[in-house]
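> Make a model of this:
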Amino acid sequence: MSFKVIVDSASDIPRALASSAGIIIVPMPVTIDDKTYLEGIDLQTKDFYAQFAAFKELPKTSQPNPNSLLEHYEKSLSEGHEVVAIHLSSGISATASTAQMIREMTSAPERVHIIDSLGASFGHGLLALFAQDTLKTASSWAEAEETILEYRKKMRYIFTLDTLEYLVKGGRVSRSAGFIGGLLDVKPVLHFTPEGTIEPFTRVRTRRAAIRKLVDVMEQEIVHPEQQVIGISHAACYEDAQLLAHEIRQRVQTKDILISEVGCVVGSHTGPGTLALFYQR
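Numbers count the residues shown, from 1 in each chain. Take a look at the predicted model:
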């Protein structure tokens, strides 16, 4: 049995890593000052964050083009694969529900399996990488599905921002939460709920304290860290990502730590300075 894992670009898997793993990335559109780009195709993170402060308004994002999803699903089907499509959380995007509709339009819906990641960025990406490894030895989708969903259930998404401004403007958190953050001039720490929505977790006074809080929470929650590949993603703050990785290594023995960039789709809502941590709890 052969499977092909397909993700949208909000999974923030580094392109080289996705390619070596055999994972297909469907680009998502980002509209900046009335011009629409495809993430990873004609819009790269380096240029995106360098120009972020100069944008006339907050970038807008949308789900992948339905025709593009259908084309990617059909291509994999025509090559003899079953499709396992893992998409951006239904708590913040309609992508997963659209994918379910596209599934019914394919030539073999019974060979297309849609998973709502219930997350975003490289936590979503780690789920896809785990699924790819699991499917290598699976004899059927039924055999692999339970294992993949259990991994999804335990995935922890926790992150800090320079400001809540962009999440509030994009409607991802309440205005009251944004007001409190601005009023106190704090560094917010947020997380994804089990339902795939974003909620404030706590707040601290400084960036360094926010990084320590991420490690504190992980140290309390993580199970069998020596068996885990931990993910970090950052939005134009690589030095902070390196510091976070260093702090983790000082306190927890892990199998590996992978660092990714927060892509243009996720970064449109969180802004530069986003720093996120992903692990199994």
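> List the buried residues in stretch 254-274.
Using 16 or more other Cβ atoms under 10 Å as the test for burial, stretch 254-274 gives 254, 257-274. Every C-beta, even on glycine, is put in place using the N, C-alpha and C of the backbone.
> Run through the helices of the stretch 51-200 of the chain in chain order.
Along the stretch 51-200 of the chain, counting by DSSP state H, counting those that start in this stretch, helices occupy 66-78, 95-105, 121-136, 141-154, 165-169, 175-184.
> got these as CSV, with mean pLDDT, distance to K4 and mean neighbour count columns?
Listed next are those as CSV, based on pLDDT from 0 to 100; distance: least, Cβ to Cβ, whole Å; neighbours: other Cβ atoms under 10 Å:
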stretch, mean pLDDT, distance to K4, mean neighbour count
helix 66-78, 98, 4, 17
helix 95-105, 98, 14, 18
helix 121-136, 98, 9, 24
helix 141-154, 96, 12, 15
helix 165-169, 77, 33, 19
helix 175-184, 56, 39, 14
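> tell me the domain ranges of the protein?
The chain resolves into domains spanning 3-153, 155-280 when parsed by automatic domain parsing.
> Out of the helices of the stretch 51-200 of the chain, which is closest to Y238?
The closest of the helices of the stretch 51-200 of the chain to Y238 is helix 121-136. By Cβ to Cβ, the value is 13.8 Å.
> Now do the closest one: everything it contacts.
For helix 121-136, the external contacting residues (Cβ atoms under 8 Å, 6 or more residues apart in numbering) are 3, 5, 7, 10-13, 17, 21-23, 84, 86, 88-89, 115, 117, 119, 144, 147-148, 151-152, 155-157, 159, 192, 229, 231-233, 258, 260, 262-263, 266, 276, 278.
> mind exporting it as CSV, just the C-alpha atoms?
The C-alpha trace of helix 121-136 is given here as CSV (Å, rounded to 0.1, in the frame of the first residue of the first chain):
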residue,chain,number,x,y,z
SER,A,121,2.9,26.2,11.6
PHE,A,122,5.6,23.6,12.4
GLY,A,123,3.4,21.6,14.9
HIS,A,124,1.2,20.9,11.9
GLY,A,125,4.3,20.1,10.0
LEU,A,126,5.6,17.6,12.7
LEU,A,127,2.2,15.9,12.5
ALA,A,128,2.7,15.5,8.8
LEU,A,129,6.2,14.2,9.2
PHE,A,130,5.1,11.7,11.8
ALA,A,131,2.2,10.6,9.5
GLN,A,132,4.7,10.0,6.7
ASP,A,133,6.9,7.8,8.9
THR,A,134,3.9,5.9,10.2
LEU,A,135,2.5,5.3,6.7
LYS,A,136,5.8,3.8,5.5
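> Now intersect the buried residues of stretch 254-274 with the helices, please.
Of the buried residues of stretch 254-274, the ones assigned to helices by DSSP state H are C264, V265, V266, G267, S268, H269, T270.
> mind listing what A18 touches?
So A18 contacts V7, I24, I25 (Cβ under 8 Å, 6+ apart).
> so how far is K187 from the residue nearest the centre of the chain?
Nearest to the mean C-alpha position of the chain, counting by Cα atoms, centre = their mean, stands S121 at 1.7 Å. Applying Cβ to Cβ, to the nearest Å, the value for S121 to K187 is 18 Å.
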